[in-house]
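[1] sequence? don't have it. structure:
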């Protein structure tokens, strides 16, 4: 085990009596996803065309988002990169195994 | 035709699931997953309104929200590791060192 937990108490199994409801909801979700896929395959392609014409630019959606991200939001992008770096260093420091000598 | 209202309903359901899970559950990892649910509900709102208004800003902000969610998950899992070292549990009821 990763963090050497030996005495983790057994959690009560909440799902026990909810299994039929979970199966029903899962089946409903599967049906909904199937209907959505069928509609996407057989419906009108107007939505896709609208997505490709964002802000009047004749670009693909990904390309338009990329332009927007790196041109208009360059400073927030860099700030977020600093936030990610700090979070990563913090997670490493918190998860590091402490030596016996140092406090 | 799927309108913005459908997306908003889905987002509402996700948000309520996240809030209820955060309040009800006692497992720290489950609470973290509920925070992710809430953030993704906000993401769906951003994308839905971006599509509705034909404005790309919402999609760009969804990227930012995903990034902040990644940072939050890293910090949360680090806290879990430290907590398990300290208390040998992830049950939030047993974490009462800050109770007055």
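    Received it, and whenever you're ready, just let me know what you need. Treat the numbers as computed from the prediction; the structure is a model and nothing was measured. Numbers count the residues shown, from 1 in each chain, chains lettered A, B, ... in the order given.
[2] Residues of chain B that sit close to chain A?
    B:2, B:27, B:51, B:54-57, B:59-60, B:63-64, B:67-68, B:70-72, B:74-75, B:77-79, B:81-82, B:84-85, B:88-91 (Cβ under 8 Å from any Cβ of the partner chain). For the C-beta atoms, the positions are set from N, CA and C on the backbone; glycine is no exception.
[3] SS state for residue B:29?
    Following DSSP: H, G, I helix; E, B strand; the rest coil, the label given to residue B:29 is helix.
[4] returning to that earlier point: only the buried subset of the residues of chain B next to chain A, as a ChimeraX command please.
    Buried residues within the residues of chain B next to chain A, by 16 or more other Cβ atoms under 10 Å in any protein chain shown, are selected in ChimeraX with:
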select /B:51,56,59,60,63,64,67,70,71,72,74,75,77,78,79,81,82,84,88,89,90
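[5] And chain A, what are its domain boundaries?
    Domains of chain A are assigned by automatic domain parsing as A:19-51, A:58-95.
[6] Quick check: which helices or strands does the helix or strand where residue B:67 lies pack against?
    Assessed by DSSP states H and E, residue B:67 sits inside helix B:57-87. Helices and strands touching helix B:57-87, by 3 or more Cβ pairs under 8 Å, 6 or more residues apart in numbering or on different chains; DSSP states H and E, are helix A:61-67, helix A:74-95, helix B:28-53.
[7] Contact partners for residue 72?
    Here I'm looking at chain A. residue B:60 (Cβ atoms under 8 Å, 6 or more residues apart in numbering or on different chains).
[8] My question was about chain B, not that one.
    By Cβ under 8 Å, 6+ apart, the neighbours of residue B:72 are A:87, B:35, B:39.
[9] List just the nearest of these to residue A:63.
    Using Cβ to Cβ, residue B:39 comes nearest to residue A:63 of those, at 25.8 Å.
[10] show me what contacts the residue lying closest to that closest one once chain neighbours are set aside?
    By the measure of Cβ to Cβ, 6 or more residues apart in numbering or on different chains, the closest residue to residue B:39 outside its immediate chain neighbours is residue B:69, 4.7 Å from it. Residue B:69 makes contacts with B:36, B:39-40, as judged by Cβ under 8 Å, 6+ apart.
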